[in-house]
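Visitor: Fold the following, please.
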Amino acid sequence: MRLAALTALAPALLAGCPAADVRVATVEPLLAPCARWFAWGLCLVATEEGGQPELLDEGIDGFQFRWGVKTTLRYRVDTIDDPPQDGSSIRRVLVDVIDIDEDAVGPSFDLVLPVPDGDPWFEASTTSGEVDLAGERVLCAPSLCEQLVGAVAGTVTFELTGQDATPLRATAFAPQ
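Guide: Model (predicted):
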């Protein structure tokens, strides 16, 4: 009896609740340079159905980006009632993955890195044959690693390694 009464009341109770803001978007297979609050970084590029590409510097909670993989997904947009002073007032949360294209880019690609407002794009790593690109570990030949560290801007050619820990290998650099 109680279950029947609650079931009958559910539509009336839910009528006052806002509907979830659920959207479908395609996340591009490459991150893009973007200006963050404190420095330049790499952001997700997502395009909602019928919309324009958008840089998402906060990402999508529950979604793990993989270099070279294009992903179509459904996500929910939550409003943050009391956002941090330097943060977003919305949060994107993964609902489900609709489609995955593992071969969205070829085995290599170019990434143009603009002149940043602060630190250079690449930092030295404690591991030989690696550099750090805005939080991403990148493999490279020692001579190329030396050229990349401290580089201000230019075009970098990368290969996909297929390794989760170091998905990128820099193979060439053309300074700007």
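Visitor: Could you report the distance from the most centrally placed residue in the chain to Arg74?
Guide: In the chain, the centroid-proximal residue (Cα atoms, centre = their mean) is Leu44; its distance is 2.8 Å. Going from Leu44 to Arg74 by Cβ to Cβ, to the nearest Å gives 15 Å. Using the backbone N, CA and C atoms, a C-beta is placed for each residue, glycine as well.
Visitor: Over to Ala172?
Guide: Counting by Cβ to Cβ, the gap from Ala172 to Arg74 is 38 Å.
Visitor: which regions of the protein sit below the pLDDT cut-off?
Guide: By pLDDT under 70, the low-scoring segments of the chain are 1-19, 36-38, 86-87.
Visitor: again, only using 80
Guide: Low-confidence segments of the chain (pLDDT under 80): 1-20, 36-39, 83-89, 116-119.
Visitor: what about Leu113, distance to Gly51?
Guide: Distance from Leu113 to Gly51, by Cβ to Cβ: 26 Å.
Visitor: And Ile90, by the same measure?
Guide: Look at Ile90 and Gly51: by Cβ to Cβ, they are 15 Å apart.
Visitor: Could you do Phe158 as well?
Guide: Counting by Cβ to Cβ, the gap from Phe158 to Gly51 is 27 Å.
Visitor: and what of Glu136?
Guide: As defined by Cβ to Cβ, Glu136 lies at a distance of 27 Å from Gly51.
Visitor: Tell me which of the two has more neighbours.
Guide: Neighbours per residue (other Cβ atoms under 10 Å) separate Glu136 from Gly51, with Glu136 holding more: 15 against 11.
Visitor: May I see the domains of this structure written out as residue ranges?
Guide: 19-101, 108-175 (automatic domain parsing).
Visitor: what's the helix or strand for Glu54?
Guide: Assigned by DSSP states H and E, Glu54 belongs to strand 53-56.
Visitor: I'd guessed Ala104 sits against Lys70; true?
Guide: Yes. At 3.6 Å, Ala104 counts as touching Lys70 under the criterion of Cβ atoms under 8 Å.
Visitor: So in terms of bridging, what pairs with Phe158?
Guide: Beta-bridge pairing for Phe158 (DSSP bridges): Phe109, Ala170.
Visitor: What are the neighbouring residues in contact with it?
Guide: Ser108, Phe109, Asp110, Leu111, Val138, Leu168, Arg169, Ala170, Thr171 (Cβ atoms under 8 Å, 6 or more residues apart in numbering).
Visitor: secondary structure class for Ser143?
Guide: Counting by DSSP: H, G, I helix; E, B strand; the rest coil, the backbone at Ser143 sits in helix.
Visitor: State the distance from it to Thr161.
Guide: From Ser143 to Thr161 the distance is 19 Å (Cβ to Cβ).
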